[in-house]
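> My questions are about this predicted structure, shown below with the sequence.
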Amino acid sequence: MLDPEDYRGDLVRLGMHKVAHQDVTLVDHMVRACTILQDMRAKEHICLAGLFHGVYGTEGLHNDDVDAIPDARRAEVRTVVGPEVEQVIFTFSVMSYASLGRSFRRVIRPDGTPQMTDRRTGAAIPMDRAEYLDLLQMKLGDVLAHAPEQVGHALVDLPAEYAGFWRMAAEYLGPQALDTWHKYTGGQR
């Protein structure tokens, strides 16, 4: 099983410890997302992608810098996680959150296919249903990593703000995802 702590040095070398992410460092947030994905029993490569999900920024975090990701930076990340996982991280970074939601509405239909778009260019991001479900699960892990761990915590409580959608996504992803949803939301949403 993947131990997120084995990669903490790589995340620090990539400068993620210098990035604030609400009340914690980005490294701590990404470790939490990976742990949540492991709790969901996500595929190991998705857990690893979840551990590095914010390395390039996302629509919600430092979105202005995504256009300028140098090839050398991507090669550096690829060296740590491998080309398949790096591609998942890159796609996660450039995907439009709106297209993630629209694609979910399509995928829950029999034979529905995702229509993901690159938020920078509006271009289609080709992917099959399985790849989409991996991204959806990864984003669910990210969302749950925003759940406050204690009363009075200053984190934005994304699971509470978007509970209807994310609970439905957890149900669709299966019993492990739903159990993890209840565990991290206290079953209140």
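Right, received. Where do you want to start?
> Now the helix of greatest length in the chain: buried residues?
When the chain is parsed with DSSP state H, its longest helix is helix 129-144. For helix 129-144, a neighbour-count test (16 or more other C-beta atoms under 10 Å) marks 131-144 as buried. The C-beta positions use only the backbone N, C-alpha and C, and glycine is treated the same way.
> Check stretch 40-47 too.
By neighbour count on 16+ other C-beta under 10 Å, the buried set for stretch 40-47 is Met40, Ala42, Ile46, Cys47.
> can you redo those as CSV with distance to Met116 and pLDDT?
Formatted as CSV, those follow (distance: C-beta to C-beta, whole Å; pLDDT from 0 to 100):
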residue, distance to Met116, pLDDT
Met40, 21, 97
Ala42, 19, 97
Ile46, 16, 98
Cys47, 21, 97
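> would you list the residues you listed in JSON lines and tack on secondary structure and distance to Pro126?
Output for the buried residues of stretch 40-47, formatted as JSON lines (DSSP: H, G, I helix; E, B strand; the rest coil; distance: C-beta to C-beta, whole Å):
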{"residue": "Met40", "secondary structure": "coil", "distance to Pro126": "25"}
{"residue": "Ala42", "secondary structure": "coil", "distance to Pro126": "22"}
{"residue": "Ile46", "secondary structure": "helix", "distance to Pro126": "18"}
{"residue": "Cys47", "secondary structure": "helix", "distance to Pro126": "24"}
